[in-house]
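Asks: Attaching a predicted model along with its sequence, questions to come.
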Amino acid sequence: MIIPVLRTTFTPAPLGRLLGSLLVIGLALQGCATTGTSEQTAAPTPETLVEPTKVADRSFETDTLYALLVAEMAIDRKRYDIALSNYVQQSISTRDPDVTARATQIARILQAHQPALEMSELWVDLEPKNSDALLIATAELIEANRLEEAFKLSSRVLTLGGTGAFDAIALKASEGDIQASQTLSASYQQLLEQHPENQQLLLGYSVLLQQADRKEEALAIVNRVLEQDPANIRAAFQETSILQQMGKQDLALQKLGKLVADNPDNYTLRARYARVISASDLNESRRQFQTLHNQSPNDTEVLFSLALVEKELGHLESSATHFRSLVEKGFYLSSANYHLGEIHEKNNQNEAALTHYTQVKEGRSYLAAMSHATAILGNSGRELEALNLIREQREQVQGSYREGLYMLESDVMATAGQMKAAGHVLSDGLEEFPDSTRLLYSRAMLYTRIDYITGAEQDLKLILTLAPNNAAALNALGYTLADRTERLDEAYIYISKAFKLTPDDPAVIDSMGWIEFRRGNYNQALEHLRQAMIAMPDHEIAAHLGEVLWVTGGEAEARKIWQQGLKLTPQSSVIRETLDRLKVELN
């Protein structure tokens, strides 16, 4: 079984997922503000609030008039919190449609979703036929995931001659519970009987069918939209999404590429194409992102994506230039610094890498950055600095970050040979996070290294009490019992359950081969171990496969397998121990 016992590695999302989280093509809502990516530091811009409401010309009570005037002056002084508070209070007090509309506008621009929802719903109550009020309330209901209510408001917009927001509702539904989507799908189907050619309804229904894995039906529905309007970009996006899900990636890319060629000035379309093509053709993706960057040099999402693609292609200098530009602009600070750290580390500029890694303060890259930073320090004999960095960071962060830092501190100590101290650190972490399966697993693996099998078994069984289907814990417990004890029947039960849960995991397949060997089932053992070695060539798997081959008479092949394992990991203690135990010398 393959058990991670040294450095805990924290890996940020891969390129495809990072690009997928950017440039997501939202389905537009009339009058609806959009939200930015989570790591951008620029706040919502309320410049659209500069036009004041003419409250002085209205017949309000003196207190109301004063409160509204104060609100408008607050806007002028950029005290938007005061402005919003005053307008919300006076909207509730006066039930005036214009005041309520202004309160809604301020809340929307500030992305204060709860007051925006409350004010927009009040606005709809006051002006039930106002399409703007209906659309904004719909948008906020979508944000709040109250999709049935959003659907009803969009239906009212439709009866007033508007277009509604059926595509956006469906898109939100497709991100959530399948049961809720099925209920909503029935509403779409029913409304389509009254409005069979409504493109938003058709698009939304196609999205819901796609989520329900009814891909052929979803494609037929979206094709109805494209027959009506071949230039409908959103329908084209939906078509390519379905084709990708159907495994027709080439056809999807072909259609997207043609759309880009036919609509060279459509920025959103090109962005979608650049993101999708990144999975199969990074050079084309780079070309598209470069075009987008040339069209809009201040678009930081595009600049970040371009930097990622450049890095993936190995264009480290240009990638670093883009990431530095983002840092200078104050955008994507943590991610950009992480990638700059990786670039400097690849160039053996460890001190520069360390500087950037320690500037990562949040997000997916945080623990990975701390792992890299402590590795740089540890590898240069600066273990005390590594430990001080971890402890300083732990005082500044919360939650899962602290949990991860306990693991890193333990790794640094274990790598330095301080096994007892490493165990104490994990125990301290478990005092703070008693139900942490990650900390329990790390301590169990540490215990196996020092042959404290009773402690390892206790921790792994506690994990299984908290998470009975934790395949890693099942596998580790089964392998530990198989390798270090004679409780083979019990070991087989744990490994079999792990194998049922994750039949394609090479580590589990290796464990299954080892327990079969320990039980004397050599043919089954060889079958599993050969499969594991093909799936993931590894020195530990090589040690096991070589031993079974040696015992069953395949001595020549066993030598080749062990040599292969040593080529992968020249200092493999597992293979060396196996050779010593079997009294084998390799040529």
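Replies: Received, thanks.
Asks: From now on I want contacts and neighbour counts done on CA atoms only, so please keep to that.
Replies: OK.
Asks: residues in contact with the closest residue to Asp96 other than its chain neighbours?
Replies: Of all residues not flanking Asp96 in the chain, Leu126 sits nearest, at 7.8 Å (Cα to Cα, 6 or more residues apart in numbering). When contacts are counted by Cα atoms under 8 Å, 6 or more residues apart in numbering, Leu126 is found next to 95-97.
Asks: List the buried residues for stretch 278-287?
Replies: 278, 282-283, 285-286 (16 or more other Cα atoms under 10 Å).
Asks: ok so, going back, tell me which entries of the contacts of Leu126 lie within helices.
Replies: Among the contacts of Leu126, the residues falling in helices (DSSP state H) are Pro97.
Asks: which one of the contacts of Leu126 is nearest Val70?
Replies: Checking these against Val70 with Cα to Cα, the nearest one is Asp96 at 17.5 Å.
Asks: give me phi/psi at the closest one?
Replies: For Asp96, the backbone dihedrals (degrees, to the nearest 10) come out as phi -90, psi 130.
Asks: Averaged pLDDT, stretch 218-227. What do you get?
Replies: Across stretch 218-227, the average pLDDT comes to 92.
Asks: Next: stretch 493-509.
Replies: Average pLDDT, stretch 493-509: 96.
Asks: Quote the end-to-end distance of it.
Replies: With Cα to Cα, to the nearest Å as the measure, the ends of stretch 493-509 fall 14 Å from one another.
Asks: Can you name the residues in contact with it?
Replies: Residues outside stretch 493-509 that contact it (Cα under 8 Å, 6+ apart) are 1-2, 469-472, 474-475, 477-479, 511-512, 528-529, 531-533, 535-536.
Asks: isn't Asn266 right next to Val260, touching?
Replies: Yes. Between Asn266 and Val260 there is a contact at 7.4 Å, judged by Cα atoms under 8 Å.
Asks: Who has more neighbours out of the two?
Replies: Val260 (21 against 14; other Cα atoms under 10 Å).
Asks: For the closest residue to the more buried one other than its chain neighbours, the count of nearby residues, please.
Replies: What sits nearest to Val260 in space, not counting adjacent residues and going by Cα to Cα, 6+ apart, is Arg270, at 5.9 Å. By other Cα under 10 Å, 23 other residues sit near Arg270.
Asks: Report how many residues lie close to Gln398.
Replies: By other Cα under 10 Å, 10 other residues sit near Gln398.
Asks: need the contact list for it.
Replies: Applying Cα under 8 Å, 6+ apart to Gln398 gives no contacts.
Asks: Now the buried members of the contacts of Leu126.
Replies: Buried members of the contacts of Leu126, counted by 16+ other Cα under 10 Å: 96-97.
Asks: And Ala353, which helix or strand is it part of?
Replies: Assigned by DSSP states H and E, Ala353 belongs to helix 350-357.
Asks: now that helix: mean pLDDT?
Replies: On average, the pLDDT along helix 350-357 is 96.
Asks: and the very next helix or strand once past it with helix 350-357, angle?
Replies: Using DSSP H and E, the helix or strand that follows helix 350-357 in sequence is helix 366-379. With axes from the mean of the first three to the mean of the last three Cα atoms, to 10 degrees defining the directions, helix 366-379 sits at 150 degrees from helix 350-357.
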